[in-house]
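Peer 1: please find the sequence and the predicted model below.
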Amino acid sequence: MITNFFIPELNNHDVQELWFQQDGATCHTARATIDLLKDTFGDRLISRFGPVNWPPRSCDLSPLDYFLRGYVKSLVYADKPQTLDHLEDNIRRIIADIRPQMLEEVIENWTSGLAYIRASRGSPMPEIIFKM
C-alpha cells in the first residue's frame with residue numbers, strides 16, 4: 001500500500017515540510033516499512049524505531065484520532081449492542097451527533113498544547129493539562 005498508493009499520491013502534492021506519524025502496530029514498524037518511510041520522510045518520521053520516537057495516538061499530535069475514537073467508542077457501546085446492525089446504527093448516530101463546536105474546542109486545545117510544547121523545546125511537561 002505504501003509503495004503502490006501512498007508514495008505515488010504524495011508525489012502529486014507539495015509535501016516537502018510534511019511530517020508522518022506512524023502508529024505502533026507491529027506490521028507498521030517492520031524494518032522494511034520504517035526504512036521505506038525514512039527514505040520518504042527523512043527526519044520527519046514520528047514512529048517506533050523512527051528518527052522521532054513518539055507514542056502512537058499521542059493526544060498532542062493527533063487529537064481527533066486520539067479523542068474521537070475514545071469518545072465515539074464510549075457512546076457506541078454504552079447500550080451494549082448485541083447485533084452488528086445495532087452497532088452500525090449506534091456508530092452512525094453518534095458520528096452524526098458530533099457538533100462542530102466540540103471539534104473546534106479539541107483543535108483549540110491542541111494548538112495551545114502545541115504552543116506549550118514548542119516553548120518548552122521538547123522538555124518534560126508534567127504540569128500540562130489537556131482539557132476538553
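Peer 2: Perfect, I can see it now.
Peer 1: can you give me the buried ones in the lengthiest helix in the chain?
Peer 2: Using DSSP state H, we find that the single longest helix of the chain is helix 100-120. Under the neighbour-count criterion of 16 or more other CB atoms under 10 Å, helix 100-120 has 106, 109-110, 113 buried. Every residue, glycine included, has its C-beta placed from N, CA and C.
Peer 1: between those, which is nearest residue 74?
Peer 2: residue 106 (15.0 Å; CB to CB).
Peer 1: and for residue 95, nearest residue in space, chain neighbours not counted?
Peer 2: residue 72 (6.7 Å; CB to CB, 6 or more residues apart in numbering).
Peer 1: burial measure for that neighbour, as a count.
Peer 2: 16 (other CB atoms under 10 Å).
Peer 1: could you pull up the residues touching it?
Peer 2: By CB atoms under 8 Å, 6 or more residues apart in numbering, the contact list for residue 72 reads 91, 94-95, 98.
Peer 1: in helices, which of these fall?
Peer 2: Short answer: these in helices (DSSP H) are 91, 94-95.
Peer 1: among those, which ones are buried?
Peer 2: residue 94.
Peer 1: picking that back up, now tabulate the buried residues of helix 100-120 in JSON lines and tack on distance to residue 25 and pLDDT.
Peer 2: Listed next are the buried residues of helix 100-120 as JSON lines, based on distance: CB to CB, whole Å; pLDDT from 0 to 100:
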{"residue": "106", "distance to residue 25": "24", "pLDDT": "83"}
{"residue": "109", "distance to residue 25": "27", "pLDDT": "78"}
{"residue": "110", "distance to residue 25": "23", "pLDDT": "74"}
{"residue": "113", "distance to residue 25": "25", "pLDDT": "71"}
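Peer 1: pick the one among those residues closest to residue 4.
Peer 2: residue 110 (32.1 Å).
Peer 1: how much space between the closest one and residue 80?
Peer 2: 32 Å (CB to CB, to the nearest Å).
Peer 1: repeat for residue 102
Peer 2: The value you get for residue 102 to residue 80, if CB to CB is used, is 24 Å.
Peer 1: over to residue 92?
Peer 2: As judged by CB to CB, residue 92 and residue 80 stand 17 Å apart.
Peer 1: looking at those two now, which is surrounded by more residues?
Peer 2: Between residue 92 and residue 80, counted using other CB under 10 Å, residue 92 has the larger neighbour count: 11 against 7.
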